[in-house]
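# the sequence and its predicted three-dimensional model are supplied below.
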Amino acid sequence: MSSCLKIRAHHLLCMQGYQGYGYSDSFRANFEQIIQHIYAVPDTEVELIAAKDMICSCCPYSGIQDCRLTEDSARRIRSMDLKVMEKLNLKEGVIDKAQNLVWLTKIKFKTFYDIQEICGNCRWEEKCLWVQKLLKKTEEPPF
């Protein structure tokens with residue numbers, strides 16, 4: 001794996017609740033390898049981007065530059081990336097250690113309301129352990 005991983009901002013959210021689902025066997029294997037590397041080598045440098053990344057590279061819907069899942073996928077997914085960066089108060093192209101970005105994501109996205117605008121229409125929402133955890137936490141009484 002290269003020394004600096006290019007990761008779409010919204011994939012920081014996907015990593016939190018990923019449990020083996022994906023678009024294809026090669027997509028799943030690639031995503032799992034990236035997640036395992038990040039957790040095994042937390043000092044790995046990550047460049048935050050809002051474009052096709054190394055996770056997208058194995059997706060069957062990945063075009064040369066953008067997602068082809070639907071007609072507006074590229075625009076919609078880039079918008080998700082930019083919203084994540086805004087919430088993290090980071091700019092596209094920032095480079096930081098993976099552990100810092102994972103930690104910041106957990107701090108800034110604590111409730112389902114924090115991720116609803118980004119993850120609310122995700123096709124993996126029902127299978128995402130992180131979304132389910134945040135939904136449960138949101139439903140619990142505050143006292």
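Done, it's in.
# can you pull the buried residues of the helix or strand of the chain with the lowest mean pLDDT?
Least confident element among the helices and strands of the chain, by mean pLDDT, DSSP states H and E: helix 129-139 (a mean of 73). In terms of neighbour count (16 or more other C-beta atoms under 10 Å), helix 129-139 has its buried residues at 130, 131, 134. No exception for glycine: its C-beta is placed from N, CA and C like everyone else's.
# my guess is the first one contacts residue 102, does it?
Pointing back at residue 130 there. No - shown here, residue 130 and residue 102 do not form a contact pair, counting by C-beta atoms under 8 Å, at 11.6 Å.
# quick one: common contacting residues for those two?
Common contact partners of residue 130 and residue 102 (C-beta atoms under 8 Å, 6 or more residues apart in numbering): residue 16.
# hang on, the earlier thing: could the buried residues of helix 129-139 go into TSV alongside distance to residue 107?
Conversion of the buried residues of helix 129-139 to TSV gives the following (distance: C-beta to C-beta, whole Å):
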residue	distance to residue 107
130	14
131	17
134	13
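# which one of the residues you listed is nearest residue 118?
When the buried residues of helix 129-139 are compared for distance to residue 118 (C-beta to C-beta), residue 131 wins out at 10.3 Å.
# neighbours around the closest residue to that closest one other than its chain neighbours, how many?
Of all residues not flanking residue 131 in the chain, residue 125 sits nearest, at 5.3 Å (C-beta to C-beta, 6 or more residues apart in numbering). Neighbourhood size, residue 125 [other C-beta atoms under 10 Å]: 15.
# kindly provide the distance from residue 125 to residue 17.
Per C-beta to C-beta, to the nearest Å, residue 125 is found 9 Å from residue 17.
# now for the two: what residues contact both?
Contact with both residue 125 and residue 17 is made by residues residue 131, according to C-beta under 8 Å, 6+ apart.
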